[in-house]
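Trainee: what's the 3D shape of this:
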Amino acid sequence: MTLNKIREILEAEEISGIGSAGKEINTVCGCDLMSDVLTLNKPNGLLLTGLTNPQVIRTVEMADIEAVCFVRGKKPQTETIELAKGKNIPLLMTRLSMFESCGRLYTEGIRGSDNTK
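Mentor: Residues are numbered from 1 along each chain as shown. Prediction:
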């Protein structure tokens, strides 16, 4: 599924990453614990999180995650946005909760980044 389609499903606003709308996303991780995100390491993934600090960008870069969507209407810090731009990591923001965001994407066919399968 493209990042643009995900943006539509989540009724999300694009914060940065203009031109990345066609990026393919195959898995989603809903998580606020960055140490858990590091264990996933699945390419073409999207992170849904309520954390807005720059550590989120550093973590997704290490885990090879393609994009981040901030839930509950949380807007990332300026430093986070600038770091994401420098690393070419698209950022979205949705007013939806983590639960609602995961549910909508699951219903549309995106599966989780679960390493237990």
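
Trainee: for residue 14, what are its contacts?
Mentor: Residue 14 is in contact with 7, 21, 90, 91, 92, counting by CB atoms under 8 Å, 6 or more residues apart in numbering. (Glycine included, C-beta is placed from N, CA and C.)

Trainee: what do you get if the cut-off is 6 Å, keeping everything else the same?
Mentor: For residue 14, the contacting residues are residue 92, by CB atoms under 6 Å, 6 or more residues apart in numbering.

Trainee: Look up which residues are beta-bridged to it.
Mentor: Residue 14 has these beta-bridge partners by DSSP bridges: residue 92.

Trainee: Kindly tell me how buried residue 68 is, as a neighbour count.
Mentor: Residues within reach of residue 68, counting by other CB atoms under 10 Å, total 27.

Trainee: Next SSE downstream of the helix or strand hosting it?
Mentor: Take DSSP states H and E as the rule and residue 68 turns out to sit in strand 65-70. Taking DSSP H and E as the definition, the helix or strand that follows strand 65-70 towards the C-terminus is helix 78-86.
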